[in-house]
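Enquirer: sharing a model prediction with you, sequence too.
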Amino acid sequence: MSGMMLIRKSIAVIVACSFLLSGCAAGSSGSSKVSVGPQKSSAYAKEKPEAVVEIQKPKLDIIIPVFDPGLPDDPEEYADEGIWPELRRAEASRFAYKMKLAIEETNAFGAVRVMPDAKATGDLYVVGKIIESNGENVEINIKVYDISGNKWFDKTFDHEVAADFHSNIRNKGKDPYDPVFTAAADRLVEELMDQDDAQLTKLQALTDLRFGENFSEQAFSRYMKKKGGKVSLVGYPDQDDSMLKRVQAIRIRDQLFTDRMQPHYEQFNQQMEESYAMWQKQNFNEVRAAREARNAAIGKAVAGVGLIAVAVLSAIAGARSNTYGGASAGTTGAIVAGQIGAGMLGESSKMSEEAKFHKQALDELGQSIDGEMAPQVVDFEKTTTKLTGSAKEQFAQWRAFLKSMYEQEATPDVQL
């Protein structure tokens, strides 16, 4: 009995201690009240926004030429591959601009500019090509070169739009293709981090010299070595060199001009935004519906052929039967299976027509986009010249103008 009393007392002590400890814990962790409701105005001063992570690397300037639209060499293949040329050409400009935005989001580079081709001046060149774009799947090839001609990487990026993307309210205003550009931009940052800082600084110096060579080979080619399509730096002019200063001044004007061209691509992207978003959504649905209809038609056709085969075998079995019942059953089975099989083939034909209808709907969508997305002609007014035509033509005129400026300002060294 005494032993039982001792056990009861021990249990009581343990329970009491547990309550005491829990009370202490509550007192220590819950000594401050839970804060609910709006905060005071002074509280906001203590909360600082998360700082943007800056990658401490030399800030290389990037040129993104308008993408290669990926059109087949034979125009007759456009329809077979479901490609509408004007839409693809519009996408070529849009994709370059989207690539620009994705790279700018990384905060890892200097100026990122979209240009008509790769003749513009930059430290890095992001050269893209459209492999596929049908609303559901997008695939692009990205090659990155630096000004020395060295290839950083050559990689294909693809993305399949989620089945519920367009029905999800959270995706309103988002581009379903964005992940493919983000992936390419992230890969570019990875490559940047693997580069030696001193080498990156040399690339920037090489960019100055290659720009200068565009105006005077005699003055700047001697500082570079060229072999097998690669260019390396072997020297650099003195900072007080008059020709270097002249070229640097011209390059600043060239950068301003390329900056002024960026709103052209931005406006083009904005103009096609609404129609293109509609095309992406409708084409996404049409591609999926056409595939489902095609797969269903194949399934029905296979089942129909199978039942017809059963009908033939039943008829043969009935003909070979020596009994009236066997022959009758075989004939009946042949008729029933044949009718069901023929019905399935008929249904398959209807579904094939449905798939054909979806294909025609895709064609109509492409034709409507062709009309809306035709490139526009823009003018750039300059105080001393007028540039007209496409962006590519204007850039060529601009470089010719800079060359004439350089020649007019150049003065030969005179020995006194």
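Expert: Alright, I've got the coordinates.

Enquirer: who's in contact with A162?
Expert: Counting by C-beta atoms under 8 Å, 6 or more residues apart in numbering, A162 touches P176. For glycine as for every other residue, the C-beta is placed from the backbone atoms N, C-alpha and C.

Enquirer: go with 7 Å
Expert: Residues near A162 by C-beta atoms under 7 Å, 6 or more residues apart in numbering: none.

Enquirer: how about G212?
Expert: The neighbourhood of G212, defined by C-beta under 7 Å, 6+ apart, consists of A219, F220, L244, V247.

Enquirer: and the gap between it and D123?
Expert: Shown here: G212 relative to D123, a distance of 15 Å by C-beta to C-beta, to the nearest Å.

Enquirer: how about I63?
Expert: 8 Å.

Enquirer: repeat for A185
Expert: Distance from A185 to D123, by C-beta to C-beta: 16 Å.

Enquirer: ok, A90 next?
Expert: As judged by C-beta to C-beta, A90 and D123 stand 28 Å apart.

Enquirer: and Q56, by the same measure?
Expert: 17 Å.

Enquirer: neighbour count: those two, which is higher?
Expert: More crowded of Q56 and D123, by other C-beta atoms under 10 Å: D123, with 22 against 8.

Enquirer: so how far is F165 from the more buried one?
Expert: From D123 to F165 the distance is 36 Å (C-beta to C-beta).

Enquirer: ok, E104 next?
Expert: Distance of E104 to F165, computed by C-beta to C-beta: 24 Å.

Enquirer: and if you look at E91?
Expert: For E91 relative to F165 (C-beta to C-beta), the value is 18 Å.

Enquirer: compare neighbour counts for the two and give me the winner.
Expert: For E91 versus F165, the count of surrounding residues by other C-beta under 10 Å is larger for E91: 25 against 16.

Enquirer: separation between that one and Q280?
Expert: Noted for E91: a distance of 10 Å to Q280, by C-beta to C-beta.

Enquirer: and A184, by the same measure?
Expert: According to C-beta to C-beta, A184 and Q280 sit 19 Å apart.

Enquirer: what about E273, how many neighbours?
Expert: 13.

Enquirer: swap in T182?
Expert: 19.

Enquirer: my guess is it meets L101, correct?
Expert: No - using C-beta atoms under 7 Å, T182 is not in contact with L101; the gap is 9.7 Å.

Enquirer: quick one: common contacting residues for these two?
Expert: Here T182 and L101 have no joint contacts, going by C-beta under 7 Å, 6+ apart.

Enquirer: and Y145, backbone torsions?
Expert: Main-chain torsions, Y145, degrees, to the nearest 10: phi -120, psi 150.

Enquirer: where does it land on pLDDT?
Expert: pLDDT recorded at Y145 is 97.

Enquirer: OK, contacts around it?
Expert: Y125, V127, K151, W152.

Enquirer: pick out the most distant pair among these.
Expert: Greatest spatial distance among the contacts of Y145 (C-beta to C-beta): V127 and W152, at 10.8 Å.

Enquirer: so what does the helix or strand where A92 lies touch, helix or strand wise?
Expert: Assigned by DSSP states H and E, A92 falls within helix 85-105. For helix 85-105, the elements it packs on are strand 62-65, strand 112-115, strand 124-133, helix 178-193, helix 242-320, helix 324-372, judged by 3 or more C-beta pairs under 7 Å, 6 or more residues apart in numbering; DSSP states H and E.

Enquirer: apply 6 Å and report the result again.
Expert: strand 62-65, strand 112-115, helix 178-193, helix 242-320, helix 324-372 (3 or more C-beta pairs under 6 Å, 6 or more residues apart in numbering; DSSP states H and E).

Enquirer: buried ones in whatever helix or strand comes next after the third one?
Expert: Read that as helix 178-193. Next along the chain after helix 178-193, taking DSSP H and E as the criterion, comes helix 197-213. By neighbour count with 16 or more other C-beta atoms under 10 Å, helix 197-213 contains the buried residues L200, K202, L203, A205, L206, T207, D208, L209, R210, F211, G212, E213.

Enquirer: got any ranges where the stretch 51-200 of the chain has weak pLDDT?
Expert: Within the stretch 51-200 of the chain, the segments meeting pLDDT under 70 span 51-54.

Enquirer: quick one: contacts for F268?
Expert: S93 (C-beta atoms under 6 Å, 6 or more residues apart in numbering).

Enquirer: no no, I142
Expert: I142 touches G128, K155, A184, counting by C-beta under 6 Å, 6+ apart.

Enquirer: now which of these would you call buried?
Expert: G128, A184.

Enquirer: right, I'll call it a day here.
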